[in-house]
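Participant: what follows is a predicted structure for the sequence shown.
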Amino acid sequence: MIPRAEGIVVEVGFGSGLNLPYYDAARVKRLVGVDPDGTMLGLAGPKCRSSPFDVECLRAGGESLPLADACADTVVVTYAFCTIPDPEAALSEIRRILKPTGRLIFIEHGQAEGPRCRRWQERLNRLWGRLAGGCHLNRDPLGLIRAAGFHLIEEERRRFPLPFWQLGSHHAGVAAPTG
């Protein structure tokens with residue numbers, strides 16, 4: 001999914017820049033990596049400096065992006081909606097910064113499809129959040145994306161294999177602002 005990003009790209013939950021090698025340099029004009037953790041952005045520095053395209057790192061949460069309206073062609077979010085304290089606010093901000101023809105590319109884990117696994121996710125969620133940096137096992141990324149005014153253009157869903165069953169479903173896709 002990440003190689004599809006194009007134009008001015010904003011990655012929310014940039015962290016240490018792990019996704020940088022997956023961007024297609026021929027398609028990306030500029031990338032803005034946004035993350036609230038300054039330590040992680042510091043780790044991203046060497047990768048950013050050696051990138052074949054311009055990369056700017058901004059320290060901010062997804063709920064308050066310090067970017068102009070309609071400035072991004074693509075927003076990329078990978079495994080961050082589970083951890084962002086207010087994912088609804090983050091998606092509202094993503095919609096605000098996307099151009100009307102822009103795309104949201106996402107790769108997330110979330111609420112399991114089966115009721116048995118879903119019950120285990122509910123039981124484990126509080127402990128998991130403490131152990132995994134605030135990650136919520138039981139969020140519904142597709143529901144959040146749709147409720148924020150996006151429609152899915154493409155979506156792939158898979159179950160995580162053992163021993164990662166508690167992560168529920170794996171979602172990867174592309175969404176666009178509705179209307």
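Facilitator: That came through, no problem. Residues are numbered from 1 along each chain as shown.
Participant: use CA for all of it now, contacts and neighbours both
Facilitator: OK.
Participant: can you name the farthest residue from the center of the chain?
Facilitator: For the chain, the residue at maximal distance from the C-alpha centroid (CA atoms, centre = their mean) is Arg116, at 26.6 Å.
Participant: can I get the helix or strand harbouring that one as CSV, trimmed to CA atoms?
Facilitator: For Arg116, the enclosing helix or strand under DSSP states H and E is helix 115-131. Taking only C-alpha atoms (Å, rounded to 0.1, in the frame of the first residue of the first chain), the coordinates of helix 115-131 have been written out as CSV:
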residue,chain,number,x,y,z
PRO,A,115,-17.2,-12.9,19.0
ARG,A,116,-14.9,-15.2,20.9
CYS,A,117,-11.7,-13.3,20.0
ARG,A,118,-13.6,-10.0,20.5
ARG,A,119,-14.4,-11.0,24.1
TRP,A,120,-10.7,-11.8,24.7
GLN,A,121,-9.7,-8.4,23.2
GLU,A,122,-12.1,-6.7,25.6
ARG,A,123,-10.6,-8.6,28.5
LEU,A,124,-7.0,-7.9,27.5
ASN,A,125,-7.4,-4.3,26.3
ARG,A,126,-6.5,-2.5,29.5
LEU,A,127,-3.4,-4.6,30.3
TRP,A,128,-2.4,-4.5,26.6
GLY,A,129,-2.6,-0.7,26.5
ARG,A,130,-0.2,-0.5,29.5
LEU,A,131,2.3,-2.9,27.9
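Participant: what comes up buried for the lowest-mean-pLDDT helix or strand in the chain?
Facilitator: Every helix and strand of the chain was ranked by mean pLDDT, DSSP states H and E. The lowest is helix 115-131, at a mean of 75. Residues of helix 115-131 classed as buried: Cys117, Arg118, Trp120, Gln121, Asn125, Trp128 (neighbour count, 16 or more other CA atoms under 10 Å).
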